[in-house]
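Novice: I need the structure of the sequence given here:
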Amino acid sequence: MSKLIPVVAVADLPPGARLHFDLAEESVILLNIDGDLYCIADLCTHDGGPLTDGNVCDHQIECPRHGARFDVRSGRVTRPPAADPIPTYPVRIEDGIILIEEPDYW
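Specialist: Numbering: from 1, shown residues only. As a prediction, the model looks like this:
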């Protein structure tokens with residue numbers, strides 16, 4: 001069963017902000033896009049580079065290295081050269097704290 005990891009207070013992640021942090025076995029990015037929260041793996045599936053500094057537009061994050069784009073809501077690829085989706089993680093808010101659902105690792 002997955003566990004919930006408290007990350008940051010909702011008030012500390014305003015719209016347009018992002019936060020990079022590490023889960024147990026991978027780095028992730030928490031994004032606030034127009035008040036909606038998304039959590040994605042910080043990993044471009046094209047070449048393994050980070051997405052942390054990628055531009056975000058229309059719910060897509062662009063890899064700063066080669067321009068691949070991913071939908072932060074689903075992880076699906078929206079522009080090559082990437083072919084595989086990125087992992088996404090459920091986000092919850094409880095008592096004003098943003099929680100990320102840590103996946104079950106094998």
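Novice: and the pLDDT at the residue of the chain most remote from its centre?
Specialist: Distance to the chain centre peaks in the chain at residue 95, reaching 21.6 Å (criterion: C-alpha atoms, centre = their mean). On pLDDT, residue 95 comes in at 97.
Novice: tell me the spacing between it and residue 31.
Specialist: 21 Å (C-beta to C-beta, to the nearest Å). Backbone N, C-alpha and C define where each C-beta goes, glycine included.
Novice: and residue 42, by the same measure?
Specialist: 11 Å.
Novice: where does this protein have low pLDDT?
Specialist: The model of the chain has pLDDT under 70 over residues 1-2, 104-106.
Novice: any chance you could map the strands in it?
Specialist: Taking DSSP state E to define them, one finds strands in the chain at 3-9, 18-22, 27-33, 36-41, 56-57, 60-62, 69-71, 77-79, 88-89, 91-94, 97-102.
Novice: the nearest residue to residue 74 once chain neighbours are set aside: neighbour count?
Specialist: In this structure, residue 74 finds its nearest non-sequential neighbour in residue 88, 6.5 Å apart by C-beta to C-beta, 6 or more residues apart in numbering. Residues near residue 88, counting by other C-beta atoms under 10 Å, number 18.
Novice: now for residue 88: which residues touch it?
Specialist: 38-41, 72-75 (C-beta atoms under 8 Å, 6 or more residues apart in numbering).
Novice: put the buried members of those residues into a PyMOL selection.
Specialist: Here the buried members of those are turned into a PyMOL selection, burial being counted by 16 or more other C-beta atoms under 10 Å:
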select buried, resi 38+39+40+41+72+75
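Novice: can you lay out the contacts of residue 88 as TSV showing distance to residue 49?
Specialist: Shown next, in TSV, are the contacts of residue 88 (distance: C-beta to C-beta, whole Å):
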residue	distance to residue 49
38	19
39	19
40	14
41	12
72	17
73	21
74	20
75	16
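Novice: hmm, which two among the contacts of residue 88 are most spread apart?
Specialist: Spanning the widest gap among the contacts of residue 88 are 41 and 73, at 13.8 Å by C-beta to C-beta.
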